[in-house]
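Peer 1: have a look at this prediction, sequence included:
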Amino acid sequence: MALTISQLLVLAAAFIYLSAFCCKIGMADDFTPERGDVPDQIGSAEQDPAQIVAKALLCFNDKYVYSSCEESYRLNESGDLKVPAAKTDEYCNGPCLQETHLVLDCVDNILSNFLFYNKATVQDVRDTIQAGCGYGEERGKFDVPEHIKAEGSKAYKAANYQILIGLVVMIMGNGLLF
């Protein structure tokens, strides 16, 4: 079965779409030139995947990001938030919440498909924080792995959704050509 030029073009467009929206690797945009940490282009010949991950891990130890939050409440590389239920108001209404979101933004801007050691995604951690700081039955519960079990991780759901869109585009494009 030979494909026509127009069918090949639709297939190529679908693959380009999938490649562009499947994985976002970018630059951290929370740098300050006066600190001297102008980010390198991610994906350049100078950086390999290990360097990219190492750069994302530096977000957790940046003294300019985490400056006011008590160290025991800070998000770490393993994806753990050790906020006692009794300290929920202090965490959610104080600097810790904002600083944790800055760390998550930093990691997400460097490597959007970052997985913590506990297999949580950045979005899983955000969802856990939202539930823990919310006023529902999960208020005060900041156990990320437990939240993932209860809600289900979105890491694979997002990839499946993007693949589904690509397949629909290919089928519709192929149908339009006939």
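Peer 2: Cool, the structure landed.
Peer 1: contact partners for the closest residue to Asp80 other than its chain neighbours?
Peer 2: Of all residues not flanking Asp80 in the chain, Val144 sits nearest, at 6.5 Å (CB to CB, 6 or more residues apart in numbering). Any C-beta I mention is one placed from the backbone N, CA and C, and that applies to glycine too. Going by CB atoms under 8 Å, 6 or more residues apart in numbering, Val144 touches Gly79, Asp80, Leu81, Phe116, Asn118, Ala120, Asp124, Val125, Thr128.
Peer 1: mind listing the helices for the protein?
Peer 2: With DSSP state H, the ranges of helices along the chain come out as 5-22, 49-58, 88-93, 95-110, 122-133, 144-151, 155-177.
Peer 1: least reliable of those helices by average pLDDT, please.
Peer 2: When the helices of the chain are compared on mean pLDDT, helix 5-22 scores lowest, with a mean of 58.
Peer 1: tell me the two of the contacts of Val144 that are most distant?
Peer 2: For the contacts of Val144, the farthest-apart pair by CB to CB is Asp80 and Asp124; their separation is 12.0 Å.
Peer 1: those two - which one has more neighbours?
Peer 2: Regarding Asp80 and Asp124, a neighbour count based on other CB atoms under 10 Å identifies Asp124 as having more, with 23 against 18.
Peer 1: distance of that one from Lys141?
Peer 2: Distance, Asp124 to Lys141, using CB to CB, to the nearest Å: 14 Å.
Peer 1: which residues are in contact with each of the two?
Peer 2: In contact with both Asp124 and Lys141: His147, using CB under 8 Å, 6+ apart.
Peer 1: need the contact list for Gly87.
Peer 2: For residue 87 the amino acid is Lys, not Gly. Counting by CB under 8 Å, 6+ apart, the residues that Lys87 touches are Tyr73.
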